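1. build me a structure from this.
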Amino acid sequence: MRKFVLTLAVAAAAALSLSACGAIDLTKQNNDQPAAAAADSAAPAAASSAPATNVVGLKVAENDTLGKVVTDWKGWTLYRFEKDTPKPSKSNCEGECLKKWPAVAYVENMKIEGVDQKLIGKITRTDGSLQLTINGWPAYRFAGDAKPGDTKGQGVGGTWFAFTPEGKKAQTVVADAGNGGY
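-> Okay, here's the model as predicted:
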């Protein structure tokens, strides 16, 4: 019993120290903290006993209109910007752009489900913070998405698109008529 209590105390202290260091949870909708805070923390992701809502990571969700899209752990859709470049990875979203399209911070040891680990990377932004990349493309969230699962950023300005699990831009799924097209 004593060992169990000590383990819980250590886990709680670790969680508090991460939040005190300014670690950013990718799953927050409107992230008012600079992305550099998460990048400064090289600590591993929260202990497996933590609730799923505290997990930092990526997963794949099924969207009725777009098919499979990449989201953060709480289900907020992640987007790519066609004015960025994947090779070499470079973000061209700065200043006012970042208010509508917050950069997704890269966090060491984040949990990843449904996306090939080889596609996950990072870039250093002009402010020194680390930003997540998927297949070389910098990742963002859209401030206009009101709830997890929203994809209101899809197609905005003809330059913003939800990520597919392959790091490509999501396209509208055409419903199968069931008759082979005849």
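2. pull the number of nearby residues for Gly67.
-> 16 (other CB atoms under 10 Å). The way it works is simple: take the backbone N, C-alpha and C, and place the C-beta from them, glycine included.
3. and what of the one 10 residues further on?
-> By other CB under 10 Å, the residues close to Thr77 number 25.
4. likewise for Lys100?
-> Neighbour tally, Lys100, other CB under 10 Å: 15.
5. what of Lys168?
-> 14.
6. so how many other residues sit close to the residue nearest to it when sequence neighbours are not counted?
-> Distances taken as CB to CB, 6 or more residues apart in numbering place Asn135 nearest to Lys168, at 7.2 Å, with adjacent residues excluded. By other CB under 10 Å, the residues close to Asn135 number 21.
7. what does the one 4 residues further on give?
-> When counting by other CB under 10 Å, one arrives at 30 neighbours for Ala139.
8. from here on, call the first residue 361.
-> Noted, 361 is the first residue going forward, which turns the last one into Ala499.
9. follow-up on the earlier one: per-residue pLDDT of the residue nearest to Lys528, please?
-> Asn495 carries a pLDDT score of 98 in this model.
10. wait, it touches Pro446, no?
-> Yes. With contacts counted by CB atoms under 8 Å, Asn495 reaches Pro446, the gap being 6.4 Å.
11. and for those two, which residues touch both?
-> Applying CB atoms under 8 Å, 6 or more residues apart in numbering, one finds that Asn495 and Pro446 are jointly contacted by Gly527.
12. one step back: OK, contacts around the residue nearest to Lys528?
-> Asn495 neighbours (CB under 8 Å, 6+ apart): 446, 479, 526-528.
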